Every structure is written in structure tokens, then in C-alpha cells.
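*Asks:* Need a 3D model of the sequence below.
(one chain, ligands or ions: 1)
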Amino acid sequence: MDTITIQAVAEMAPERAAAAYPAACAVFWETAPQAAELTGQDRELFLRKYFGYYWDNAPDLFLCASEAGSIHEMLGYICGVSDTRAHHELYQLAEHIPLFDDLYSDYPAHLHINLTSRARGQGLGARLIHDLEDRLARHQVPGLHLVTSTGKRNVSFYRGLGFTCEVSRSTEPQTQESSHDCPLFMAKRLT
Ligand SMILES: CC(C)(COP(=O)(O)OP(=O)(O)OC[C@H]1O[C@@H](n2cnc3c(N)ncnc32)[C@H](O)[C@@H]1OP(=O)(O)O)[C@@H](O)C(=O)NCCC(=O)NCCS
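*Replies:* Model (predicted):
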């Protein structure tokens with residue numbers, strides 16, 4: 001883990017980007033066990049919603065972390081957009097996007113991050129988030145958010161990185177069982 005390269009897809013030569021895609025995709029599926037049962041169009045839509053849309057539409061903010069020298073040794077990635085409100089397809093694709101729409105004027109950018117299991121717990125997630133924040137701040141983006149779920153282990157990771165504005169909402173009526181799994185908006189100011 002000493003020699004890690006972090007590079008945006010937009011900065012990669014075409015052959016490197018072509019090799020990075022399946023490697024990053026493999027990390028995505030590894031970190032989405034809930035999608036293991038999906039097939040056909042449902043599987044394609046799930047990939048588009050959390051991964052493919054960003055690869056195609058925001059390659060400048062799709063950052064891949066790999067062992068230096070080998071893009072095939074993908075350790076993880078972070079992706080996002082600088083202004084959620086400009087990405088109408090995401091409002092159709094992802095039910096959590098319209099849910100927090102009133103908060104995007106303060107925190108327009110959002111992210112998704114995933115590391116392969118052997119790369120976790122060593123600070124790489126924080127490095128990727130800081131790299132993304134630097135790129136957004138250079139374009140005077142005022143705030144960044146993500147949506148996770150209440151009760152997930154990663155909540156403390158985001159809090160530690162300053163995502164201290166937290167709002168949880170649900171589109172479904174809450175029951176005793178579901179109250180631990182509410183969409184949770186977490187955000188921080190960048191400027
Ligand atoms: C969440 C994640 C990006 C953090 O990156 P990281 O480099 O492992 O984090 P750091 O080493 O900086 O910090 C460790 C913290 O990350 C979180 N973390 C570590 N492993 C995790 C895992 N398997 N799942 C969720 N969170 C994890 C914890 O908050 C941990 O602190 P803890 O040990 O006190 O619980 C990374 O662990 C990961 O990709 N996890 C699986 C997928 C995921 O949860 N993605 C985010 C979806 S919103």
C-alpha cells in the first residue's frame with residue numbers, strides 16, 4: 001500500500017481507462033452484496049445508478065486508486081458530481097436523490113466511495129475524499145454530501161472527516177424494524 005496512484009479517469013490514456021473500467025467495476029460489485037441476486041436489466045440499472053453514470057458523465061471526478069504500475073490492481077475508487085441539481089437522469093435513477101433536493105443549494109456535490117476489502121482500514125478512503133474535495137474546492141463548489149444509511153459502520157468514518165451535517169429521511173412509513181435503515185444525508189462545507 002506504499003505506492004498508490006490516484007488518477008482521474010479523464011486524465012488516463014484511453015488504453016489505461018479501458019483497463020481501469022473492469023477493475024473498478026469489480027470493486028463496485030464486491031461492495032454491493034445486496035445486488036448479487038440482480039439479473040438482466042435490473043443489474044444494468046443498478047450499475048448505471050451508482051457507477052456507470054459517473055464514469056460516463058463526470059470522468060474528471062472519477063478517481064481510481066491502484067497499486068503503482070498496475071491499473072489491474074484496483075484498490076478502490078471515489079466518484080461524484082459537482083452539482084447534483086444538473087444531473088436530471090440521476091433524479092430518475094436513484095430514489096434517494098429527490099429525497100434531499102432542498103439541501104443541494106448548500107451542498108451541491110455528492111460522492112460514492114468503495115474500496116476492495118484488503119485496502120480498507122488504512123487511510124485510503126480519507127485520501128480519496130481529500131483528493132475529491134481539493135478538486136471541488138478549486139472550482140469553488142461550496143459543499144459536498146453523500147447518502148448512506150443510519151446504523152451503517154461507515155457513518156463514523158464520514159463524521160471523522162467532517163461530514164457533520166446529518167439529516168435522515170424516509171419515503172416509507174417507519175416501523176420498529178426499518179427505523180435502523182433510513183437514508184442518511186451527511187454533508188460538509190468546502191468553502
Ligand atoms: C467506508 C470506506 C470508504 C472507508 O475507507 P477506509 O480507508 O477503510 O477508512 P479509514 O481507514 O480512513 O478509516 C477506517 C474507518 O472506515 C470505516 N470502515 C472500515 N471498514 C469498513 C467496512 N468494511 N465497511 C464500512 N465501513 C468501514 C469505519 O468507520 C472505520 O472506522 P472503525 O474501524 O473505527 O469502525 C471503506 O472502508 C469501504 O469502502 N467500505 C466498504 C464500502 C462502503 O461502505 N462504502 C461507502 C458506501 S456509502
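*Asks:* State the number of residues packed around the nearest residue to His139 once chain neighbours are set aside.
*Replies:* Of all residues not flanking His139 in the chain, Ser82 sits nearest, at 6.2 Å (CB to CB, 6 or more residues apart in numbering). Glycine gets a C-beta too; all of them are placed from N, C-alpha and C. Applying other CB atoms under 10 Å, we find 19 residues neighbouring Ser82.
*Asks:* The residue positioned nearest the centre of the chain: helix or strand, and which one exactly?
*Replies:* With distances taken as CA atoms, centre = their mean, the residue of the chain nearest its centroid is His112 (0.5 Å). For His112, the host element (DSSP states H and E) is strand 109-115.
*Asks:* from what I can see the residue nearest to the centre of the chain touches Tyr54, true?
*Replies:* Yes: using CB atoms under 8 Å, His112 is in contact with Tyr54, at 7.1 Å.
*Asks:* Can I get stretch 115-123 in CSV, CA atoms only?
*Replies:* C-alpha atoms of stretch 115-123 as CSV (Å, rounded to 0.1, in the frame of the first residue of the first chain):
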residue,chain,number,x,y,z
LEU,A,115,-12.6,0.1,-1.5
THR,A,116,-11.8,-3.5,-2.0
SER,A,117,-11.6,-5.4,1.3
ARG,A,118,-7.8,-5.6,1.5
ALA,A,119,-7.5,-1.8,1.1
ARG,A,120,-9.8,-0.8,3.9
GLY,A,121,-8.8,0.5,7.4
GLN,A,122,-5.5,2.0,6.2
GLY,A,123,-6.5,5.6,5.5
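*Asks:* what's the offset of that stretch from the middle of its chain?
*Replies:* Computed by CA atoms, centre = their mean, to the nearest Å, the chain-centroid distance of stretch 115-123 equals 15 Å.
*Asks:* what does stretch 125-145 give?
*Replies:* Its chain's C-alpha centre and that of stretch 125-145 lie 12 Å apart, by CA atoms, centre = their mean.
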